[in-house]
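Asker: A structural model of the following input is requested.
(one chain, ligands or ions: 2)
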Amino acid sequence: MITLHGKGVSAGIAVGPLKFLEREEYAVEKKAVTDTAGEVQRFYDARQKAGAQLDAMALSMAEKLGKGNAQLFEIHRMMLEDSDYCDPVVKIIETEKVCAEYAVQAAGSRLALDFAEMDDDYMKERSADVLDVSRRVIAILSGTQRDLGSAGEAVILAAEDFAPSETAQFDRTMVLALVSQKGAANSHTAIFARTMGIPAVIGLGATLSPGLAGKIAALDGETGELHIDPEDAVIEKLETRREALLKKREALELLRGMPTVTKTGRRIKLYANIGSVDDVEAVRNGDAEGIGLFRSEFLYLGRQDYPPEDIQYESYRKVAEEMGGKEVIIRTLDIGADKQADYFELPPEENPALGLRAIRICLTRPHLFKTQLRAIYRASAHGSVSIMFPMISSLEELKRARRCAAEVREELAAEHIPFNEKTPVGIMIETPAAAIISDLLAREADFFSLGTNDLTQYTLAVDRQNEGISEFCDPRHEAVLRLIRMTVENGHRAGIWVGICGSLGADPELTETFVRVGLDELSVEPSGILELRRRIALS
Ligand code: PEP
Ligand code: MG
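Answerer: Ligands and ions are numbered 1, 2, ... in the order given. Below you'll find the predicted structure:
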């Protein structure tokens, strides 16, 4: 047994096989075959296996996250059976006398292109699905297990680091835990893991080498220990820890459904952060009173092209409806810096965290911004939706963003499309500039939510992604706390509520300070809600 030490960023115990994330696309060779009938049969066999995998995934997804989330697998299943998909594969094998892998890739790419060129947004979307289905079939044909779900076995997933676009694509039912060589505590990998309640250990360094793939590992997401080939005694110890964690959770269950109230009887809004519709289940399980931050950019990641208005609308509407009238704060696009999607074609930058990101992209690409705003406003007719702009650093930016929102409202009204005219529009306070001028911004905003992850990064001039300088990244720094206090005071003076949606909101050492300072809302990862309710009650 060997034990690696990293940073535990998402609590929980996991035991399972270690699998390294594969990033390379398949290099499919164009191999000539003589037995074309045999090759066609290989394709049919692989298609059948792929169908069985998709059925299993649909079932497990439906059980865990509801039927709606299983739909994607059902669509993939239908594609596999469709003659528009299968006939060209068979034809290529027979006429070109080539291997099934190549035929699937060639036919799949052509069909994907046809979909991409269609006018209808829904059909355009199917292009990525065709490619996904083809990858699954090729993986089976070539015996390479690319897909996390394809072995039907859940794994501890390892990588040098995980990009937000990758975390957006995981088959969550198949990931027991995340472990990475790199990564900082407030990286999006850590945030994603906490949101999903998946245990995670990051910063394990080069000792987490791909040579360990396939070995059984056991980890503790709190202590940051990762044991390879764990001895029985270690597994037993972890089982005891797991039971202790379960007991702690059981005790917290007594707070489920209770209001969040401080020792002096002040009500605090205890909300949750999410990255996708799929997280709503975790929000309900966590007993959050609303959603304080919907990181909408995850809808844009892991895709080949911009998500059309209707696709976005469906997601926002679903979240609003599933939250049953509880407040849902949708943050507009916060792409850029570590959250990259190729199709944005962002220019290479020396300092991406200081570059073209978030509201700056939206204001320079108003069409993109307005498409998202239209989708959010349309969803506002189906629940209690609020809009929140990220990375604001000047009053002018806020005014420009509000003008875009006003134009969208006018357009929708002219088109007789229903929306809530009173949709609150707030901003994130995550630049020191915004905190310092929060008295001015408060006149133009309905609420403030402090993004302490970025506020720390920009106040202390420490890159939040760089684990090499993590000792200098102290979100409890007095400078950050002063900016928080200043923002709360300015917000309250203008009569608006102020919350925190950055990771600092869940810091148990600071709950009392936050209550004393007068914060009105805390929005944290869903798995931390009940624990925070307990702490607030003691503060
Ligand atoms: C933050 O910066 O604190 C925040 C909540 O936004 P993100 O972590 O997505 O940058
Ligand atoms: Mg931020």
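Asker: ok, the residue of the stretch 301-450 of the chain found nearest ligand 2 - contacts?
Answerer: Using CB to the ion, Glu430 is the residue of the stretch 301-450 of the chain that sits closest to ligand 2, at 4.7 Å. All C-beta spots, glycine's among them, are computed from the backbone N, C-alpha and C. Going by CB atoms under 8 Å, 6 or more residues apart in numbering, Glu430 touches Pro390, Met391, Leu450, Gly451, Thr452, Asn453, Asp454, Leu455, Tyr458, Gly502.
Asker: Same check on Met323?
Answerer: Val280, Val283, Gly290, Ile291, Gly383, Ser384.
Asker: Just to be sure, which of these are found in helices?
Answerer: Per DSSP state H, helices hold the following members of the contacts of Met323: Val280, Val283.
Asker: Show me which of the contacts of Met323 is closest to Lys30.
Answerer: Set against Lys30, the nearest of the contacts of Met323 by CB to CB is Val280 (44.7 Å).
Asker: What is the burial count for the closest one?
Answerer: 26 (other CB atoms under 10 Å).
Asker: The nearest residue to it once chain neighbours are set aside: how many residues sit nearby?
Answerer: Among residues not flanking Val280 along the chain, Glu322 sits closest, at 4.7 Å (CB to CB, 6 or more residues apart in numbering). Glu322: 18 surrounding residues under other CB under 10 Å.
Asker: How much space separates Glu322 from Val283?
Answerer: According to CB to CB, to the nearest Å, Glu322 stands 9 Å off from Val283.
Asker: Equivalent analysis for Val28, please.
Answerer: On the measure of CB to CB, Val28 and Val283 end up 41 Å apart.
Asker: Tell me which of these two has more neighbours.
Answerer: Per other CB under 10 Å, whichever of Val28 and Val283 has more neighbours is Val283, with 26 against 17.
Asker: can you redo the contacts of Met323 as a markdown table with pLDDT and distance to ligand 1?
Answerer: Shown next, in a markdown table, are those (pLDDT from 0 to 100; distance: CB to the nearest ligand atom, whole Å):
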| residue | pLDDT | distance to ligand 1 |
| --- | --- | --- |
| Val280 | 94 | 18 |
| Val283 | 94 | 16 |
| Gly290 | 98 | 15 |
| Ile291 | 98 | 13 |
| Gly383 | 98 | 22 |
| Ser384 | 98 | 20 |
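Asker: just for the stretch 201-350 of the chain, where's the confidence low?
Answerer: Along the stretch 201-350 of the chain, the model assigns pLDDT under 70 to no residue.
Asker: picking that back up, need the pLDDT of the residue of the stretch 301-450 of the chain closest to ligand 2.
Answerer: The model reports Glu430 with a pLDDT of 98.
Asker: so what's the backbone phi/psi at Thr3?
Answerer: Backbone torsions for Thr3, taken as degrees, to the nearest 10, come to phi -120, psi 130.
Asker: how near is the nearest residue to Gly292 once chain neighbours are set aside to Leu131?
Answerer: Computed as CB to CB, 6+ apart, the closest residue to Gly292 that is not its neighbour in sequence is Ser523, at 2.4 Å. Using CB to CB, Ser523 is found at 35 Å from Leu131.
Asker: Neighbour count: these two, which is higher?
Answerer: A side-by-side neighbour count of Ser523 and Leu131, using other CB under 10 Å, places Ser523 first with 27 against 19.
Asker: which residues of the stretch 101-250 of the chain fall in helices?
Answerer: Counting by DSSP state H, counting those that start in this stretch, the segments of the stretch 101-250 of the chain that form helices are 121-142, 164-167, 188-196, 232-252.
Asker: Show me what the lengthiest strand in the chain pairs with in its sheet, parallel or antiparallel.
Answerer: Ordering each strand of the chain by length in residues (DSSP state E) puts strand 13-20 first. Sheet pairing of strand 13-20 (DSSP bridges) gives strand 155-159 (parallel), strand 216-220 (antiparallel).
Asker: and these as TSV, adding mean neighbour count and distance to Asp229?
Answerer: What follows is the strands paired with strand 13-20, written out as TSV (neighbours: other CB atoms under 10 Å; distance: least, CB to CB, whole Å):
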stretch	mean neighbour count	distance to Asp229
strand 155-159	23	13
strand 216-220	24	6
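Asker: Make JSON lines out of the ones you listed and add distance to Met79.
Answerer: Converted to JSON lines, those look like this (distance: least, CB to CB, whole Å):
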{"stretch": "strand 155-159", "distance to Met79": "26"}
{"stretch": "strand 216-220", "distance to Met79": "35"}
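Asker: right, so of those, which gets closest to Glu444?
Answerer: The closest of those to Glu444 is strand 155-159. By CB to CB, the value is 41.7 Å.
Asker: Could you list the buried residues of the longest strand of the chain?
Answerer: Neighbour-count burial for strand 13-20 flags Ile13, Ala14, Val15, Gly16, Leu18, Lys19, Phe20 (criterion: 16 or more other CB atoms under 10 Å).
Asker: Which residues are in contact with Arg266?
Answerer: By CB under 8 Å, 6+ apart, the neighbours of Arg266 are Val515.
Asker: repeat for Cys473
Answerer: Ala184, Ala185, Asn186, Thr456, Gln457, Leu460, Val462, Arg464.
Asker: gap between it and Thr452?
Answerer: Between Cys473 and Thr452 the computed distance is 11 Å (CB to CB).
Asker: which one among the contacts of Met323 gets closest to Met486?
Answerer: Taking those together and measuring to Met486 by CB to CB, the closest member is Gly290, at 25.2 Å.
Asker: Run through the residues that contact the closest one.
Answerer: Gly290 neighbours (CB under 8 Å, 6+ apart): Lys269, Tyr271, Ala272, Met323, Lys326, Glu327, Val328, Ile329, Ser384.
Asker: Next up, the contacts around whatever residue of the stretch 51-200 of the chain ends up closest to ligand 1.
Answerer: Per CB to the nearest ligand atom, Ile191 is where the stretch 51-200 of the chain lies closest to ligand 1, at 6.1 Å. Taking CB under 8 Å, 6+ apart, we find Ile191 in contact with Asn273, Gly275, Asn453, Ser503, Glu525.
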